[in-house]
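Peer 1: Predicted model and sequence below, questions to follow.
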Amino acid sequence: MSMERRMIFRRLVALSLVVCSFSAVARDEVRVRARDLGVAPGIFTPGAYNAITDVAGVRVGQVTLTEGDTVRTGVTAILPHPGNVYRSRVPAAVHVGNGFGKFVGSTQVNELGELETPILLTCTLCVWKAADAMADWMLSQPDMQQVRSLNVVVGETNDGGLNDIRARPVTADAVRRALQSASEGPVQEGSVGAGTGTVAFGWKGGIGTSSRTLPSSLGGWTVGVLVQSNFGGVLQVSGAPVGRELDRYAFQKAVAVQADARRGLADDRGDGSIIIVIATDAPLSDRNLRRVASRAMMGLGRTGSSASNGSGDYILAFSTADSVRRTFDAPRLETSELANEQMSAVFQASVEAVEEAIYNSLFMATTVSGNGETVEAIPLDRVRRILKQHGIAPSTK
């Protein structure tokens, strides 16, 4: 090899090491929540944890399944209160933004207006295994010996890129562990639980959560949200065109000629799915909970989704208030609920919390490799620069 060729070879090796070094730095980048980037949607204040668990009694349990090179999935369980949900039911409603998905139990929730089990989130081909496992778990609980019908509720998004979804790797043990480990307090976000293998806006998606507490003059109610993000679109963060600036957005191949063939990795149609769960301690009927659930689509839209043809956009909302709780065998229900005129602030809080929960699911997610693919976490250093250019920066207080 000539001296000139040796010099070129050495420079190429050095360049490759620099590229690898930058890649490693990106992968090891510390993940932070939206508010750490100065992103604080809306006007209302979050609760203590800025999580769905700020609604008193709500608990979340998660099991992450990472096995070999192919399994990247999990289970996320949401329990409305510490008791037996079958015997002490909470009013609930489901809104379908776009119905390309499987949501076990949703029709009975809307027919009867109540939840009688916890809520599970998992991967698409695992919904039935998860439902069977939760039915078994519920039937084994105290005072359930005579139960002959049970409406388990399980939502899903498709993590078949990073996860060998055809193996249907979710087990009954994983479901039981998610249910039994559910706790109050902070909720782990990002590439965990049902969000282990999900993708959003072409970047790694996952579990995200947020909450809002209304001023006492507006009732003082708390609204909490948890999302499983796995959808596409043109990402915007508090109005800043992050997806465009990062050169990764839906329909990119159709509207822009890319000089680099590696760019334009986002699904060209914006397909995917999202499950949104909204909890509140405001005393709401299932009718008004359906109205709350429908407002979640506004928060989803703010992040850049257009609810594409291949997107399953499902929202379930429930109330934990004692005054609307339903004993399973009560011949009559005596409830006290908010009037329609008192709903607007709850709507606003829901929209704000949904938007922020989605951002948290992205910003807290880590790069994941599995099933022959790698999905990178969104690069927060570049997001910071884009936000700063559009006047969004962390508070200096």
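Peer 2: On my side now, so go ahead.
Peer 1: Output the longest strand belonging to the chain.
Peer 2: strand 88-99 (DSSP state E).
Peer 1: looking only at pLDDT, what's the mean for the following helix or strand past that strand?
Peer 2: Toward the C-terminus, strand 88-99 is succeeded by helix 106-112 as the next helix or strand (DSSP states H and E). Here helix 106-112 scores 98 as its mean pLDDT.
Peer 1: Would you mind pulling up the elements that whichever helix or strand comes after helix 106-112 packs against?
Peer 2: Note on helix 106-112: by DSSP H and E, the next helix or strand toward the C-terminus is strand 114-115. Contact analysis of strand 114-115 by 3 or more C-beta pairs under 8 Å, 6 or more residues apart in numbering; DSSP states H and E lists strand 88-99 as its packing neighbours. For every residue, glycine as well, the C-beta is placed using N, CA and C.
Peer 1: tell me what the strand it packs on is packed against?
Peer 2: So strand 88-99, by 3+ C-beta pairs under 8 Å, 6+ apart, packs with helix 106-112, strand 114-115, helix 286-302, strand 311-319, strand 326-327.
Peer 1: hmm, who's touching the third one?
Peer 2: Counting contacts by C-beta atoms under 8 Å, 6 or more residues apart in numbering, the residues outside helix 286-302 that touch it are 41, 91-95, 97, 110, 113-114, 225, 236, 274, 276, 278, 280, 284, 307, 313, 315-319, 337-338, 340, 343, 346-347, 350-355, 358.
Peer 1: Buried among those residues? Need that as a selection in ChimeraX.
Peer 2: Buried members of those, defined by 16 or more other C-beta atoms under 10 Å, are picked up in ChimeraX with:
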select :41,91,92,93,94,95,97,110,113,114,225,236,274,276,278,280,284,307,313,315,316,317,318,319,337,338,343,346,347,350,351,352,353,354,355,358
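Peer 1: in the stretch 51-200 of the chain, which spans are strands?
Peer 2: 59-67, 71-79, 88-99, 114-115, 119-123, 153-157, 199-200 (DSSP state E, counting those that start in this stretch).
Peer 1: Can you say which of the helices and strands packed on strand 88-99 is packed in most?
Peer 2: strand 311-319 (a mean of 27; mean count of other C-beta atoms under 10 Å).
Peer 1: relative to strand 88-99, how tilted is that one?
Peer 2: Relative orientation of strand 311-319 versus strand 88-99 (axes from the mean of the first three to the mean of the last three C-alpha atoms, to 10 degrees): 160 degrees.
Peer 1: Same list (the helices and strands packed on strand 88-99) but as JSON lines, adding distance to residue 137.
Peer 2: As requested, the helices and strands packed on strand 88-99 are exported to JSON lines (distance: least, C-beta to C-beta, whole Å):
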{"stretch": "helix 106-112", "distance to residue 137": "19"}
{"stretch": "strand 114-115", "distance to residue 137": "15"}
{"stretch": "helix 286-302", "distance to residue 137": "25"}
{"stretch": "strand 311-319", "distance to residue 137": "19"}
{"stretch": "strand 326-327", "distance to residue 137": "21"}
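Peer 1: Mean pLDDT lowest where, among the ones you listed?
Peer 2: Across those, the lowest-scoring stretch is strand 326-327, with a mean of 90.
Peer 1: Now do it: distance to the chain's middle.
Peer 2: 29 Å (C-alpha atoms, centre = their mean, to the nearest Å).
Peer 1: Report the helix or strand with the lowest average pLDDT across the chain.
Peer 2: Between all helices and strands in the chain, the lowest mean by mean pLDDT, DSSP states H and E belongs to helix 3-28, at a mean of 45.
Peer 1: List the contacts of the longest strand of the chain.
Peer 2: Residues contacting strand 88-99 (C-beta under 8 Å, 6+ apart): 80-81, 103, 106, 109-110, 113-116, 284-287, 289-290, 292-294, 296-297, 300, 307-309, 311-320, 324-328.
Peer 1: Pull up the pairing partners for that strand, direction included.
Peer 2: Here strand 88-99 has these sheet partners by DSSP bridges: strand 114-115 (antiparallel), strand 311-319 (antiparallel), strand 326-327 (antiparallel).
Peer 1: of the ones you listed, which approaches residue 367 most closely?
Peer 2: strand 311-319 (23.6 Å; C-beta to C-beta).
Peer 1: Restricting to C-alpha, output the closest one in PDB.
Peer 2: Below are the C-alpha coordinates for strand 311-319, written out as PDB (Å, rounded to 0.1, in the frame of the first residue of the first chain):
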ATOM      1  CA  SER A 311     -53.700   4.300  13.300                       C
ATOM      2  CA  GLY A 312     -55.600   2.900  16.200                       C
ATOM      3  CA  ASP A 313     -56.400   5.800  18.400                       C
ATOM      4  CA  TYR A 314     -58.300   4.700  21.500                       C
ATOM      5  CA  ILE A 315     -59.000   6.700  24.700                       C
ATOM      6  CA  LEU A 316     -60.500   5.400  27.900                       C
ATOM      7  CA  ALA A 317     -61.500   7.800  30.700                       C
ATOM      8  CA  PHE A 318     -62.700   6.900  34.200                       C
ATOM      9  CA  SER A 319     -63.600   8.600  37.400                       C
END
